[in-house]
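Enquirer: Give me the fold of what follows.
(one chain, ligands or ions: 1)
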Amino acid sequence: MTIARAARHFWLPVTNENERGGVRHAFRGPRWDGRPADSAVCGEQVALARPSELDWIHFPSCGDCYEILKSEQ
Ligand SMILES: [Zn+2]
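Expert: Coordinates of the predicted model:
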C-alpha cells in the first residue's frame with residue numbers, strides 16, 4: 001500500500017495567499033480532480049486552483065515535497 005501511494009502523485013503550482021508568486025507542490029493522487037484544497041506531500045494545507053501556464057514556468061518546485069518523494073523511491 002505504501003508503494004502504491006508513493007507511485008501516484010502529481011505536481012501543481014500553488015499561488016501564495018499573501019504575496020506574489022508561488023510554489024509547485026506535489027500531491028497524492030493520479031491528477032488534480034478540481035478539489036478546492038488539499039494537503040501537499042510536504043504537509044502544507046493549500047488552496048488549489050487551475051494554474052496558468054506562467055505559473056508552471058515561474059513557480060519553483062517545493063524542495064520538501066521533492067525530498068520526501070525522492071526518499072520514498
Ligand atoms: Zn511542498
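Enquirer: Show me where the protein dips below the pLDDT cut-off.
Expert: Across the chain, residues meeting the criterion (pLDDT under 70) sit at 1-7.
Enquirer: can you give me the strands for it?
Expert: 9-15, 22-28, 37-39, 45-47 (DSSP state E).
Enquirer: Could you list every helix and strand that the first one packs against?
Expert: By that I understand strand 9-15. strand 22-28, helix 53-58 (3 or more Cβ pairs under 8 Å, 6 or more residues apart in numbering; DSSP states H and E). For glycine as for every other residue, the C-beta is placed from the backbone atoms N, C-alpha and C.
Enquirer: could I have it exported to CSV, CA atoms only?
Expert: As requested, C-alpha coordinates have been extracted for strand 9-15 and formatted as CSV (Å, rounded to 0.1, in the frame of the first residue of the first chain):
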residue,chain,number,x,y,z
HIS,A,9,1.5,11.8,-7.2
PHE,A,10,1.2,15.0,-9.3
TRP,A,11,2.6,18.5,-9.2
LEU,A,12,0.6,21.6,-9.2
PRO,A,13,1.6,25.3,-8.9
VAL,A,14,0.0,26.9,-5.8
THR,A,15,-0.2,30.7,-5.6
